[in-house]
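In: Dropping a prediction and its sequence here:
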Amino acid sequence: VVSVGIGDSYNDQPLLEAVQIPIQVQRPNGQWQALDVPDVHRIEAIGPQGWSLAMQRLLDDELLV
């Protein structure tokens, strides 16, 4: 079992810190929220598009630890 978390803002930081594969997507304005999460993977896409791209990369084994 591998845990994955996807988020874009401060309220997602505890989730991203708790999982094995933390993934950050861009904010609606296209910027990155300044999060202090070790080994976070940044996806260059916003909201649902970012989630979709993150899931595709996971399925393609690009982000697995």
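Out: Okay, I see it. Residues are numbered from 1 along each chain as shown.
In: Show me what the lengthiest helix in the chain packs onto, helices and strands only.
Out: Identified as the longest helix of the chain according to DSSP state H is helix 47-59. Secondary-structure packing of helix 47-59 (3 or more C-beta pairs under 8 Å, 6 or more residues apart in numbering; DSSP states H and E): strand 4-7, strand 21-26, strand 41-46. For every residue, glycine as well, the C-beta is placed using N, CA and C.
In: If you tally nearby residues, what's the number for the closest residue to W51 other than its chain neighbours?
Out: Distances taken as C-beta to C-beta, 6 or more residues apart in numbering place I6 nearest to W51, at 5.7 Å, with adjacent residues excluded. Here the count is done by other C-beta atoms under 10 Å, and I6 has 20 residues near it.
In: Tabulate the helices and strands packed on helix 47-59 (a markdown table), appending mean pLDDT and distance to L58.
Out: Listed next are the helices and strands packed on helix 47-59 as a markdown table, based on pLDDT from 0 to 100; distance: least, C-beta to C-beta, whole Å:
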| stretch | mean pLDDT | distance to L58 |
| --- | --- | --- |
| strand 4-7 | 96 | 7 |
| strand 21-26 | 96 | 7 |
| strand 41-46 | 95 | 9 |
